[in-house]
Structures are given as C-alpha cells and as structure tokens.
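K.L.:
this is a predicted model, with the sequence first.
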Amino acid sequence: MLAQQRQAAILDRVRATGGVRVTELAAEFSVSDMTIRRDLEALAERGLLAKVHGGATTVAPGSAHEPGFTAKSVRERGEKTAIAMRAAALVSPGDAIALSAGTTTAELAQRLVDVPALTVVTNSIPVADVFYRAGRADQTVVLTGGTRTPSDALVGPVAVAAIGTLHLDMLFLGVHGMSERAGYTTPNLMEADVNRALVEAAERLVVLADHTKWGTVGISSIVPLSRAHVLITDDGLDEGARELLSETVPELVVVNPQ
C-alpha cells in the first residue's frame, strides 16, 4: 500500500471512530509505529486530524474555519468523482456556465474540458487552471479576479462587480455545508458574497454537495436550500436528510460512488 493510500485509509478511520491509536494502526497496516507517526504528522500538517499522545483524533473546526484546497481535495474522493460525472451530463455545447470554487467543482472541470464552445466563468484558480491547461481554442474561460482565500477562491468587490454584468445558463455551486436552518453555507464571508452574485447571474442553480456536507454550518449563508433547482449528492446521505431535501429541492439526484 502506498503512503497516500494508507493515509487516506487512516483518515477514514479517524472520521468513522473519532480517534485512532498508533499501535493499532501499525498492526493493521503491517508497518512500524514510526511509519504511522509520520502518516499522522503529514495528515495533521494538512489540518485533517489532530495528533494526541499515542494516536490522533478528529478536528472540530468552528464555523469560520476554512481548510485549504489541498486538504479538502483528499476527502470523499469517490463521492466527488461520481457527483462530478453526473453534473457534467447537464452541460451542452455552447452553454455559458459558472463553476464556483471548491474541490467538487474542480473535479467537474476535468470532465468539461472536451465540451465544445463552452464559456466558463469561475472565481476558482484551480478550476480556471484545468481549462487553461486544456487549451481549447473554442472555449472561453473568465476568471473573476479578486482577493485569494485559503481555498484558492477569488473574492471581494472586484469579483462581485465582474459577475454582476453577466448572464449565465447555469451555476454549479460547491458548498462548505448545508442544513435545514442555514441553507447552503461557507466559512468565508466574502466568498458568500461572490457565491450569491453567481446565483443571481445564473438561470439555473445546481448544487454539488457530498453527504458529509449535511449538518455542517459555515459562518455565512449563501441561499436557502429551496433556491437550488438541482442538488446532486451521494448515497451516504441519511434517509432523514434525503426526505427533507426531496421535499425542499425540485430535483434531488443521489449518485452511487463506484
């Protein structure tokens, strides 16, 4: 098992149980205690868990905590891939779309680089980079400008002003969390402003949110749950949440990660 695979498995265990012991992990993966400690240090440096004596525990961030793009990109990778594949099916050649910042939208970008005559507006540096690297002459990519956040989003009045002049067919919105009370949320106040501007510019709102986003509440609400036309999530979402969302969102799509 590669170190990256082992660390992903360790992170899954921490999230499922709330904590792990070095000795137990070493026995499970047939490696030394020192190897496991190095794995835990690597995960802790990315903000994915908290090291404690003899092991590690989950991190309990506040509503204003914003993990970096790299830290978020290793989470729920299978779920994000399945969500992105389903979302890509909604896009047609010649569409003018927006992709907000986020690791799921970056995954979606990878699946849109071959769509002809696409116009893409984004405030995400990683999303824009996907299209720039593809270099298709028939695609137009608009990066909003603005101030950079820890998650590589561009925010602030420059971004909001740029978006305010646009009219888009569809917005694919990645979110930090969602709940019945707070709606779709983000831990960054200025990013919420940009996201709301994107919502207003688009005819149709498609929210991309894996099951771990349910019950997570960032400091700033973007829009209520009912504002989305489509919500794409995965089958890890519990039945109670599915029932509530199916009654609130016009179209709830639940994908099955492979």
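P.N.:
Done, it's in.

K.L.:
check what contacts the helix of greatest length in the chain and list those residues.
P.N.:
When the chain is parsed with DSSP state H, its longest helix is helix 3-17. When contacts are defined by C-beta atoms under 8 Å, 6 or more residues apart in numbering, helix 3-17 is touched by residues 1, 20, 25, 29, 31, 36, 39-40, 42-43, 48-49, 56-58, 74-75, 77. All C-beta spots, glycine's among them, are computed from the backbone N, C-alpha and C.

K.L.:
ok, now stretch 157-168?
P.N.:
96-98, 121, 123, 142, 144-147, 193-194, 197-198, 200-203.

K.L.:
could I get the full set of helices for the chain?
P.N.:
3-17, 22-29, 33-45, 69-73, 77-88, 103-110, 125-134, 157-163, 189-201, 239-248.

K.L.:
for the ones you listed, which one sits closest to residue 257?
P.N.:
helix 77-88 (3.9 Å; C-beta to C-beta).

K.L.:
buried residues in the closest one?
P.N.:
Buried positions in helix 77-88, judged by neighbour count with 16 or more other C-beta atoms under 10 Å: 79, 80, 81, 82, 83, 84, 85, 86, 87, 88.

K.L.:
between those, which sits nearest residue 151?
P.N.:
Closest approach between the buried residues of helix 77-88 and residue 151, by C-beta to C-beta: residue 80, at 14.4 Å.

K.L.:
how far off centre is stretch 2-10?
P.N.:
Offset of stretch 2-10 from its chain centre (C-alpha atoms, centre = their mean, to the nearest Å): 20 Å.

K.L.:
and it, average pLDDT?
P.N.:
Mean pLDDT, computed over stretch 2-10, is 88.

K.L.:
and stretch 209-226, by the same measure?
P.N.:
The model assigns stretch 209-226 a mean pLDDT of 91.

K.L.:
may I have that stretch exported as PDB, CA atoms only?
P.N.:
C-alpha atoms of stretch 209-226 as PDB (Å, rounded to 0.1, in the frame of the first residue of the first chain):
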ATOM      1  CA  ALA A 209     -22.500  18.500  -2.100                       C
ATOM      2  CA  ASP A 210     -21.400  15.100  -0.900                       C
ATOM      3  CA  HIS A 211     -23.100  13.600   2.200                       C
ATOM      4  CA  THR A 212     -20.600  14.900   4.700                       C
ATOM      5  CA  LYS A 213     -21.800  18.500   4.000                       C
ATOM      6  CA  TRP A 214     -25.200  17.800   5.600                       C
ATOM      7  CA  GLY A 215     -25.400  19.300   9.100                       C
ATOM      8  CA  THR A 216     -22.200  21.300   8.600                       C
ATOM      9  CA  VAL A 217     -22.800  25.000   9.000                       C
ATOM     10  CA  GLY A 218     -20.300  27.700   7.900                       C
ATOM     11  CA  ILE A 219     -20.500  31.200   9.300                       C
ATOM     12  CA  SER A 220     -22.300  32.700   6.300                       C
ATOM     13  CA  SER A 221     -25.400  31.500   4.500                       C
ATOM     14  CA  ILE A 222     -25.400  31.700   0.700                       C
ATOM     15  CA  VAL A 223     -29.000  30.900  -0.200                       C
ATOM     16  CA  PRO A 224     -31.800  28.700   1.300                       C
ATOM     17  CA  LEU A 225     -32.000  25.100   0.300                       C
ATOM     18  CA  SER A 226     -35.000  25.700  -1.800                       C
END
